[in-house]
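Peer 1: no sequence on hand, only this structure:
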């Protein structure tokens, strides 16, 4: 089954079934041939919520979506390998809070309700004084995971491996893809 | 010297015409010059070998081929707590930095000592800015009564600047600015639209201020067998085209080509061997970094190019009856007058206009505002001055980090080029002070049993006095260029972090006040030369590498003449 469809489907299934049944389908898929890549940091539950979040933050448009390029796996990996214990806990807690939001499981909410919930979390995270909000960290990792992936770079950006001569001035019009920067710095 | 270090191998096998300690920016030049003049030269490098292209393992990787897409792991931060603070330290080039856990030093006050222990050293990692110093710099100490006078003037070094520039290839333009002398340039990399706009405004509005294409050791056209820049902006991984200057791409291959070069990696220098009877240095004693065995190498001529602090560390380690306080240290100034540049301060501007303008490729060079303060006598409340590196580009998807937004429309908008921004960062001269120093703590030993270097440095009042003008002048220049907003940036650098360590074995005419004479020759040991950052008498505000290279070529020329005339035996 297509990874993205599975994750999408989980949201719908969850309206009718329990989270556990979604989870079990997800776990079966993890063992299937087209398996969902995981680094093993997040629990099953957290990974499912994370995947749904990524699909809301970076949906498929005319360019691939976050799920198409395994962004949840990247986040699972770098939270495991690159984050301090405090930040790891912050993100885990954030995902768990989303999961339990509104007194029911996140995945049992309708698409619109899910999106509104995430939109609220996002807007709140970028209010002044919330610099350390878990969602800021998550969104940064999501953007890195997406825009530095092969498809993110080559399809959502203009990746030129060897540009050759530098051209100091070229015209630009809205909608043109930006040059994909290869010198990756995250500070 | 203690006898236990003397090995019994045949001396002949370990004898050369010259020994060079270090293979980085200046050591590579010493190797090239000495080898090309026919001297059988041994280069000792404490780290591993790095061959041009072959040993740049990440040079052509796509970003997505890096496991963590260049993010640092918690393990990296534990292994490289100091090195990881360098702006380009990442998964793609951490193999060119020392492991802080293995290469310890003491910080009496915070000092960020960034190092690459391998063939090529930091010449693989430098920012490539290549500026001449002028008599404004060489005369400043004398005119202001600060520290001691430089024993050379611009005219002494100018032909050597020419010589080095012609070999390494420096892109830039002649501008007739007395404080930043012209040179032997290949074509500059063109400015982008907003850079040109800012240049026009600055030069219209501010007397004596200029925005110029930075002079950089990056090739805009093929040069001396090396390829031109391909606009990838991945210099810090090592360049497969050899488009920026490094020892690995340029000077060491030239030295190898003579057949006179012997390179010995994994050679941690223990000390310089002093012959009391003959009153000269005989050679160099090393510890093999892999086996811990001790070896001795002999030569009538020795160049120390281990980098400012490492060279001084070797000198301090080389104690003898003649030199109880460190090699060639009868003056007592060895280890003192440490300098770095002062940075981290400037301004940032954002623009809403010019959105129909863009560029193609990723230029690895910048633009530059040369020093404009105190050019004709002191007219500020501080001495000397500062220059700006200026970085102007359109933002990319990383702008998504810092504002609310999710979903399809937001995601698609991040695929487009964002607004223009300009960042001006000041680099200020640092005055030499006796109290800024390095010394050995004999009670603490590293993994080879050598005493640990301790660094005691802080910026002085003069540097701090520049700070408000560093911010305000950057703001007013940016404000002249139709920005939407401008903010001051004030994160003063930690000493060492600009990676321009200078001083600790300075030149000077008076042997009582200096370690080296005007040819970088030890006053106390005429067959030992030091031509890395250790020799510097003041710091100017320009990046120093070109001056190290020119001084090295000049000192090699002098040393060979003295060797041939028999004055050095």
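Peer 2: Right, received. Where do you want to start? Please read all numbers here as calculations on a predicted model, not as lab measurements.

Peer 1: from residue B:187, how far off is the residue of chain A most remote from its centre?
Peer 2: What lies farthest from the middle of chain A is residue A:165; by CA atoms, centre = their mean that is 35.5 Å. Plainly put, residue A:165 is 11 Å away from residue B:187 if you go by CB to CB, to the nearest Å. For every residue, glycine as well, the C-beta is placed using N, CA and C.

Peer 1: then residue A:96?
Peer 2: Applying CB to CB to residue A:96 and residue B:187 gives a distance of 59 Å.

Peer 1: these two: which is more packed in?
Peer 2: Set residue A:96 next to residue B:187 and count neighbours by other CB atoms under 10 Å in any protein chain shown: residue A:96 wins out with 15 against 12.

Peer 1: that one and residue A:50, how far apart?
Peer 2: From residue A:96 across to residue A:50, the span is 11 Å (CB to CB).

Peer 1: got a list of what residue B:519 touches?
Peer 2: Each residue near residue B:519 by CB atoms under 8 Å, 6 or more residues apart in numbering or on different chains is listed here: B:529, B:554-555, B:558-559.

Peer 1: then residue B:131?
Peer 2: Contact analysis of residue B:131 by CB under 8 Å, 6+ apart lists B:180, B:215, B:542-543, B:546.

Peer 1: what's the closest of these to residue B:257?
Peer 2: Lowest distance from residue B:257 to those (CB to CB) belongs to residue B:546, with 23.0 Å.

Peer 1: what residues are up against that closest one?
Peer 2: Residue B:546 is in contact with B:130-132, B:161, B:164-165, B:170, counting by CB under 8 Å, 6+ apart.

Peer 1: please identify which helix or strand holds it.
Peer 2: Using DSSP states H and E, residue B:546 falls within helix B:545-564.

Peer 1: same question, residue B:200
Peer 2: Residue B:200 is part of helix B:193-205 when elements are defined by DSSP H and E.

Peer 1: name the residues of that helix that are buried.
Peer 2: Neighbour-count burial for helix B:193-205, counted by 16 or more other CB atoms under 10 Å in any protein chain shown, picks out B:193-199, B:201-202.

Peer 1: mean confidence for that helix?
Peer 2: Per-residue pLDDT over helix B:193-205 has a mean of 98.

Peer 1: list the strands paired with whatever helix or strand comes next after it, with their directions.
Peer 2: As assigned by DSSP H and E, the chain's next helix or strand after helix B:193-205 is strand B:212-213. Using DSSP bridges, strand B:212-213 pairs in its sheet with strand B:367-369 (antiparallel).

Peer 1: any idea which residue sits dead centre in chain A?
Peer 2: Compute the mean C-alpha point of chain A, and by CA atoms, centre = their mean the closest residue is residue A:54, 2.7 Å away.

Peer 1: who are the neighbours in contact with that residue?
Peer 2: By CB under 8 Å, 6+ apart, the residues touching residue A:54 are A:65-67, A:71-72, A:75, A:142.

Peer 1: one more time with 10 Å
Peer 2: Listed by CB atoms under 10 Å, 6 or more residues apart in numbering or on different chains, the contact partners of residue A:54 are A:7, A:65-67, A:69-72, A:74-75, A:138-139, A:141-142, A:145-146.

Peer 1: off-centre distance for the helix or strand encompassing it?
Peer 2: Using DSSP H and E, residue A:54 sits in helix A:44-57. Per CA atoms, centre = their mean, to the nearest Å, the displacement of helix A:44-57 from the mean C-alpha position of its chain is 7 Å.

Peer 1: can you give me the buried ones in that helix?
Peer 2: Buried-residue list, helix A:44-57, by 16+ other CB under 10 Å: A:44-57.

Peer 1: a markdown table for those, including distance to residue B:456?
Peer 2: As requested, the buried residues of helix A:44-57 are exported to a markdown table (distance: CB to CB, whole Å):
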| residue | distance to residue B:456 |
| --- | --- |
| A:44 | 54 |
| A:45 | 54 |
| A:46 | 49 |
| A:47 | 51 |
| A:48 | 55 |
| A:49 | 52 |
| A:50 | 49 |
| A:51 | 53 |
| A:52 | 55 |
| A:53 | 50 |
| A:54 | 50 |
| A:55 | 55 |
| A:56 | 54 |
| A:57 | 49 |
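
Peer 1: can I get those in JSON lines including pLDDT?
Peer 2: Below are the buried residues of helix A:44-57 laid out as JSON lines (pLDDT from 0 to 100):
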{"residue": "A:44", "pLDDT": "93"}
{"residue": "A:45", "pLDDT": "92"}
{"residue": "A:46", "pLDDT": "94"}
{"residue": "A:47", "pLDDT": "96"}
{"residue": "A:48", "pLDDT": "94"}
{"residue": "A:49", "pLDDT": "94"}
{"residue": "A:50", "pLDDT": "96"}
{"residue": "A:51", "pLDDT": "96"}
{"residue": "A:52", "pLDDT": "95"}
{"residue": "A:53", "pLDDT": "96"}
{"residue": "A:54", "pLDDT": "97"}
{"residue": "A:55", "pLDDT": "97"}
{"residue": "A:56", "pLDDT": "97"}
{"residue": "A:57", "pLDDT": "98"}
